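Asker: Return atomic coordinates for the entry below.
(2 chains)
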Amino acid sequence: MKGAPGPRTLVSPSQLRSTRGKIVYWVLFSLVLVAFTLAFLFPLYWAVTGAMKTPDELARVPPTLVPEQWHPETFAQAWDELDLGKYFLNTIVVAGGAWLLQLAVAVPAAFALSKLRPVLGGAVLGLMLATLMLPASALLVPTYLTVSDVPLIGVNLLSTPAAIWLPAAASAFNIYLLKRFFDQIPDELIEAATIDGAGPVRILLRVVLPISRPVLAVVSIFAVVAAWKDFIWPLLVLQDPGTQTLSVLLQRVAPDLRLDLLVAGLVLASLPMVGLFLVFQKQILAGLTAGSLKG
Amino acid sequence: MSVSARRRRRLAENVTAYGLLSAALVVFAVFSWFPIVRGVVLSFQQVNFVDDPEWVGLANFELLFADPLFGVAWRNTLLFTGLALVFGFAIPFVTAVLLNELRHARAYFRLVVYLPVMLPPVVTALLWKWFYDPGPGLFNEGLRAAGLPDSAWLDSGDTAMLSLVLVSTWANMGSTTLIYLAALQTIPGDLYEAAELDGAGIWRRLWHVTVPQTRFVLLVLLLLQVVATMQVFTEPFVMTGGGPDDSTVTVLLLLYRYAFVYNDFGSASALSLLLFVALGVFSAAYVRLTRRSAE
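Answerer: This is a model prediction of the structure:
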């Protein structure tokens, strides 16, 4: 939106067009531009360049704005020394599995509640939505105990990715978001497919899913981002160091690690999510307003 | 269609529906509903993993109340929440109002303000810990450049909590700002025009049009922020470990210690029950509000 007039806002167009208005606008614009760049981009610049400074230079007062000597190989060194390949893989397995399981659980459930409307469906949905009222921390201890000894089958899931996948799959938020979207699909479409002889499962796969791409994208992205960012739950359930995610690893090694290696590790651990954001900006920002207010 | 054929079809539909719901029902039952009940029961039990859990009545609560850190943790948490509201609520709103008036570089502003949201919280916390370093840290250098005295940041009980709030505000303000911005963009322009014709200046338009028109979003985000910030854990755990002098021990950090340092799952559950009760009012209000908006 480059200089487009846009809808009417607080300041009137005539005020903006006046000389004084123009001066105030451009001063304000420059201030916000500088403030935003300093506040949000500069720390990231500091981290990326900091990783490439020597440990000596990192400890210097006052700090240098631009590295005197560039050491991009610190990233490779951090990768090797921290065995980051393994922890990336752990994190991908945790986030990817959580994502797939969440979809596999929530999509059919939301479809059944929205389009098949079974007996007691309202009560089931209500019981699911009620869990949204619970602060996550209230369930940390009992869910931890449940994961360490799953009722009925008596399996200990600690230090396995399933300890993260299964509780993540009990997401009322996903079911709510998907159900709201499915509710908007006209019943006539479902009936027409039924008359053509398609059963509910076929209708879900062939009719509903193809037109649900936008909401599936939102649910997917948020599932992956949430799993990648999560810290407290992986910290509790992935106690075996070999199974930990990047966040848990970084927190564990931070106190004893050489600073340039640590900062390089931090930068590397952030890259996938920053990349994801750059690619899926539109979906993420659209899902932000849909999700946070109506979840 | 005869009555019995219709009934048969309805039954078949119910069977299919519950078939599709079965995965969701299992994960919700095992990893959500069961832990909810278990959490309450645990609060009144002593658990040591050797003997069967023993019913101890209110002993867990008595133990908590006798712990000098109990009061400290609640005070610190309320301080964090209070400060986080002042910063995390006011700054994004002002920023959003400002951004809404700017006609240039909007995509850039949206992009950079949201970037920190994508960083894993552990990465943000560790980066900021380094920025706060009293020696070669970025922030003291910034203060010096501005001719201001150094700050102890995380190393002093007086500033540690504020320093944590600043990190958390930086990391999370992207989503709040963009939600406000989306809300501001739904305000009909004629409201501003009408107010202007009635002789209202910019401040009065802000107060009498912008604020009432976004009141709902403001309220929901206020509730959400209270619920989220009362559960603060990652920042104090990673950055200060609760210090200096217990000035950043939060309720969730204390809960973590009870459960995973002292292995007292009963008292930890009792503490989460208290946190749940404290937040229950806010959560219930939030769900009521969103229901109303969804309909």
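
Asker: Which residue would be the closest one in chain A to chain B?
Answerer: residue A:8 (2.8 Å; Cβ to the nearest Cβ). Using the backbone N, CA and C atoms, a C-beta is placed for each residue, glycine as well.

Asker: which residue sits closest to residue B:226, ignoring its sequence neighbours?
Answerer: residue B:282 (5.2 Å; Cβ to Cβ, 6 or more residues apart in numbering or on different chains).

Asker: right, and the one you found touches residue B:227 too?
Answerer: Yes - if you go by Cβ atoms under 8 Å, residue B:282 and residue B:227 touch, sitting 5.2 Å apart.

Asker: For the residue of chain A closest to chain B, what are phi and psi?
Answerer: Backbone torsions of residue A:8, given as degrees, to the nearest 10, read phi -70, psi 130.

Asker: thought it was touching residue B:187?
Answerer: No - contact criterion Cβ under 8 Å: residue A:8 and residue B:187 do not qualify, at 9.0 Å.

Asker: So between the two, which is more surrounded?
Answerer: residue B:187 (19 against 16; other Cβ atoms under 10 Å in any protein chain shown).

Asker: Please tell me how far the more buried one sits from residue B:217.
Answerer: 11 Å (Cβ to Cβ, to the nearest Å).

Asker: Need the per-residue pLDDT for the nearest residue to residue B:214 once chain neighbours are set aside.
Answerer: Leaving out its chain neighbours, the residue that sits closest to residue B:214 by Cβ to Cβ, 6+ apart is residue B:183, at 4.6 Å. Looking at residue B:183, its pLDDT is 90.

Asker: Contacts only, for residue B:115.
Answerer: A:40, A:41, A:44, A:274, A:277, B:174 (Cβ atoms under 8 Å, 6 or more residues apart in numbering or on different chains).

Asker: Poorly predicted segments of the chain, please.
Answerer: Because you didn't say which chain, this covers chain A. A:1-6, A:290-295 (pLDDT under 70).

Asker: my bad, chain B
Answerer: B:1, B:50, B:293-295.

Asker: Do you have the strands of it handy? List them.
Answerer: With strands called from DSSP state E, chain B shows them at B:45-46, B:54-55.

Asker: For burial, what's the neighbour tally of the nearest residue to residue A:8 once chain neighbours are set aside?
Answerer: Among residues not flanking residue A:8 along the chain, residue B:189 sits closest, at 2.8 Å (Cβ to Cβ, 6+ apart). By the criterion of other Cβ under 10 Å, residue B:189 has 13 neighbours.

Asker: Touching, residue B:189 and residue A:9? I think so.
Answerer: Yes - in terms of Cβ under 8 Å, residue B:189 counts as a neighbour of residue A:9; the distance is 7.2 Å.

Asker: The residue of chain A closest to chain B: what's it in contact with?
Answerer: When the contact criterion is Cβ under 8 Å, 6+ apart, the partners of residue A:8 are B:189, B:190, B:192, B:193.

Asker: Give me the buried entries from the residues you listed.
Answerer: Applying 16 or more other Cβ atoms under 10 Å in any protein chain shown to the contacts of residue A:8, the neighbour count classes residue B:192 as buried.

Asker: Just the closest of the contacts of residue A:8 to chain A, please.
Answerer: Distances from chain A to these, taken as Cβ to the nearest Cβ, are shortest for residue B:189 (2.8 Å).
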